[in-house]
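In: Show me the folded form of this:
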Amino acid sequence: MSDHHGHDDWFRHSSDEALPQQEHAAHVNTTAIGLTLLAIVFGVLFTVVVLSMYFVQYANTRKAQMNEGTGSAEAYLAYRDQSAAQLGSLEWVDRAAGTVNMPLESAMDAVVAEYGLPGMSADAAWVGPDASAPRGESHGSAHNTPHGEETARSDG
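Out: Coordinates of the predicted model:
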């Protein structure tokens, strides 16, 4: 059956039914929809920026570990600490040969004190390059030591 507008009876309600419902989406709140859209867009952009920053930081750290050898720093630090402890210690290296390990400052103090003993002299023959000769002319030449002795040199 149809009415004079060409509609079927499906939209008609009987008197025993409840009141008809209002049309859905008859009144759209465009402000709420716009704010929701903005919140979604900015939320996605924020997530992309944060993930990009994390990825760049992680990639740089990983690259540094692989290329620059920062992974081996632990071995170096252990070696450095062990060497520093050994250089600062006073101990026998070879008692039979009379070789000891001692801090550099203590060794220098001992040498200076030894030269201060009677009969000891701090004078030694000069073994470095001749300071008066121009650079490159001291090879194979004879030169005087600070004490007036002439020595023959052969640097090459």
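In: going forward, measure contacts between C-alpha atoms and count neighbours the same way
Out: OK.
In: Low-confidence regions, the chain specifically.
Out: 1-13, 20-21, 25, 68-72, 120-156 (pLDDT under 70).
In: Going along the chain, name the strands of it.
Out: Secondary structure of the chain, counting by DSSP state E: strands at 91-94, 99-101, 142-144, 150-152.
In: buried stuff in the longest helix seen in the chain?
Out: Longest among the helix segments of the chain by residue count, using DSSP state H, is helix 30-67. When burial is assessed from 16 or more other CA atoms under 10 Å, helix 30-67 yields no buried residues.
In: what's the answer for stretch 99-111, then?
Out: Using 16+ other CA under 10 Å as the burial criterion, the residues of stretch 99-111 that qualify are 102-103.
In: can I see the domain layout of the chain?
Out: 29-68, 74-120 (automatic domain parsing).
In: Using CSV, lay out those domains together with distance to Glu23.
Out: Formatted as CSV, the domains of the chain follow (distance: least, CA to CA, whole Å):
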stretch, distance to Glu23
domain 29-68, 15
domain 74-120, 73
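In: Asp94 contacts Val100, doesn't it?
Out: Yes - Asp94 lies in contact with Val100 (CA atoms under 8 Å); the separation is 6.7 Å.
In: Out of the domains of the chain, which gets nearest to Ala18?
Out: domain 29-68 (27.1 Å; CA to CA).
In: Report the separation between the closest residue to Met102 other than its chain neighbours and Ala110.
Out: Once flanking residues are discounted, Met102 sits nearest to Leu90: 4.3 Å by CA to CA, 6 or more residues apart in numbering. As judged by CA to CA, to the nearest Å, Leu90 and Ala110 stand 13 Å apart.
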